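Q: coords please:
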Amino acid sequence: SGVTVFVSNDDNESIIKTVEIVESTLPDVVVTRFEGMKHFCLEDMGTEEFPELLEEVLSS
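A: Below you'll find the model as predicted:
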């Protein structure tokens, strides 16, 4: 298993830029993109549920 990065389209610009750099630098990185989840905090997501993250952790 390699490295997986989760990013949301409405996160901070610096985070999105960093993910772009990581993606272009590490050819085997997997970037999973979301919409409307900002920084994946409870306040941003509006829920404690994050099945995509759980699935990723359990599959590693």
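
Q: Show me the strands in the chain, by range?
A: Secondary structure of the chain (DSSP state E): strands at 4-8, 30-34.

Q: Present those strands as JSON lines; the columns should include mean pLDDT, mean neighbour count and distance to Ser24.
A: (Each C-beta comes from the backbone N, C-alpha and C, glycine too.) Converted to JSON lines, the strands of the chain look like this (pLDDT from 0 to 100; neighbours: other Cβ atoms under 10 Å; distance: least, Cβ to Cβ, whole Å):
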{"stretch": "strand 4-8", "mean pLDDT": "97", "mean neighbour count": "17", "distance to Ser24": "12"}
{"stretch": "strand 30-34", "mean pLDDT": "97", "mean neighbour count": "13", "distance to Ser24": "11"}
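
Q: Output the below-cut-off pLDDT ranges for the chain.
A: 1 (pLDDT under 70).

Q: This protein: helices as residue ranges?
A: Using DSSP state H, the helices of the chain run over residues 13-25, 42-45, 51-59.

Q: for those helices, which one sits closest to Phe34?
A: helix 51-59 (7.6 Å; Cβ to Cβ).

Q: who does the closest one touch, helix- and strand-wise?
A: Contacts defined by 3 or more Cβ pairs under 8 Å, 6 or more residues apart in numbering; DSSP states H and E place helix 51-59 against strand 4-8, strand 30-34.

Q: outside of the last one, which residues touch it?
A: When you say that, I think you mean strand 30-34. 2-9, 19, 22-23, 52, 56 (Cβ atoms under 8 Å, 6 or more residues apart in numbering).

Q: If you compare the directions of it and helix 13-25, what angle comes out?
A: 150 degrees (axes from the mean of the first three to the mean of the last three Cα atoms, to 10 degrees).

Q: Next, the angle helix 51-59 makes with strand 30-34.
A: 160 degrees.

Q: Tally up the residues packed near Ile21, please.
A: Burial of Ile21 is recorded as 9 neighbouring residues (other Cβ atoms under 10 Å).

Q: To Asp44, which of the strands of the chain lies closest?
A: Short answer: strand 4-8, nearest of the strands of the chain by Cβ to Cβ, at 8.0 Å.

Q: Enumerate the beta-bridge partners assigned to Val31.
A: Applying DSSP bridges to Val31 gives these bridge partners: Val5.
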